[in-house]
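K.L.:
Fold the following and give me the result.
(2 chains)
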Amino acid sequence: DVKVTQSSRYLVKRTGEKVFLECVQDMDHENMFWYRQDPGLGLRLIYFSYDVKMKEKGDIPEGYSVSREKKERFSLILESASTNQTSMYLCASSSTRWYSYNEQFFGPGTRLTVL
Amino acid sequence: SQQGEEDPQALSIQEGENATMNCSYKTSINNLQWYRQNSGRGLVHLILIRSNEREKHSGRLRVTLDTSKKSSSLLITASRAADTASYFCATDVWGNKLVFGAGTILRVKS
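P.N.:
You can find the predicted model right below:
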C-alpha cells in the first residue's frame, strides 16, 4: 500500500514564526504536491514537484516555499507565518507511469493554527 | 483555478437511499476522478473514468461522464452511515496535476 505520511496532525504556531511541514512517501513516486484546504474552497494547489530539486508554483504560492532534496520527501515552508495561513494542509504524491492516470495518494493532513 | 464544481454543496439522506453528486468542468480532460474525505482526514481515491468512457462501476459506486456537457455524476447506491464524508471530483487536464472541485458534503442518517 502507498503510504504518505505528514510530520504532524496538529500544529499551533505564533505569527512570524518559521514553520516546516514535512511529507514523506514510500512508493517511489516522482510527483509530490502541497495543497491547502479551506471550507467552501476545496483544495488549492500551493506547490508541485515533479522531481528532486524541481518545483513549480501552484495557484497560491505566495507566503510559501518548498524543498525537495530527496525523492521521498517534500517540505512546505512558511517563512513567516500569518493568521491567514491557518488551514488544513494536505500532501499528496503520484506516479508518472502511464497506467497510474495521475491518481494521487494523500497524507492524513496537518491542521495548522497560527495565533 | 477551480475546474470542477460539485453540486449540491451538501446532501442529507437516510440510510439505504441513493446519493447522487454532480460535477461540472470547463475544459477538455484526460480523465476524471472522484475522491472521498472523511472528516479531518486526507482524501482517498474512489474511482476514475477516462475521457473515452461513459460509465463505470465499482461496488456501490457508479460514475458517468458526459464530455459533450462537460459533466460527471457519482451515484452511491444503498448508502450507509459510513458513507458520510465529503466527495470531490478532480479533473486530469494536462501535465501531472489534478484540479479539484469544492466538494459535496454527504450526510447519511441512520
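K.L.:
Tell me which residues touch the spatially most central residue of chain A, please.
P.N.:
Against the mean C-alpha coordinate of chain A, by CA atoms, centre = their mean, the closest residue is A:Trp34 at 2.6 Å. Under the criterion of CB atoms under 8 Å, 6 or more residues apart in numbering or on different chains, the contact partners of A:Trp34 comprise A:21, A:23, A:45-48, A:58, A:64, A:66, A:74, A:76, A:89-91. Bear in mind the C-beta positions are built from the backbone N, C-alpha and C, glycine included.
K.L.:
same thing with B:Ser12?
P.N.:
B:Leu106, B:Arg107, B:Lys109.
K.L.:
repeat that with 10 Å
P.N.:
If a contact means CB atoms under 10 Å, 6 or more residues apart in numbering or on different chains, then B:Ser12 has B:Ala19, B:Thr84, B:Ile105, B:Leu106, B:Arg107, B:Val108, B:Lys109 as its contacts.
K.L.:
got the phi/psi numbers for A:Tyr99?
P.N.:
A:Tyr99 has phi and psi values of phi -80, psi 0 when expressed as degrees, to the nearest 10.
K.L.:
so what's it scoring on pLDDT?
P.N.:
Looking at A:Tyr99, its pLDDT reads 78.
K.L.:
where exactly do the strands run in chain A?
P.N.:
For chain A, strands defined by DSSP state E occupy the ranges A:4-6, A:10-13, A:19-25, A:31-38, A:42-51, A:54-57, A:64-70, A:73-78, A:87-94, A:105-106, A:110-114.
K.L.:
Give the pairing partners of the helix or strand hosting B:Cys89; include direction for each.
P.N.:
B:Cys89 is located in strand B:85-92, with elements delineated by DSSP states H and E. As defined by DSSP bridges, the strand partners of strand B:85-92 come to strand B:31-37 (antiparallel), strand B:98-100 (antiparallel), strand B:104-109 (antiparallel).
K.L.:
Tabulate those strands in JSON lines, adding columns for mean neighbour count and mean pLDDT.
P.N.:
Conversion of the strands paired with strand B:85-92 to JSON lines gives the following (neighbours: other CB atoms under 10 Å in any protein chain shown; pLDDT from 0 to 100):
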{"stretch": "strand B:31-37", "mean neighbour count": "24", "mean pLDDT": "96"}
{"stretch": "strand B:98-100", "mean neighbour count": "25", "mean pLDDT": "92"}
{"stretch": "strand B:104-109", "mean neighbour count": "18", "mean pLDDT": "97"}
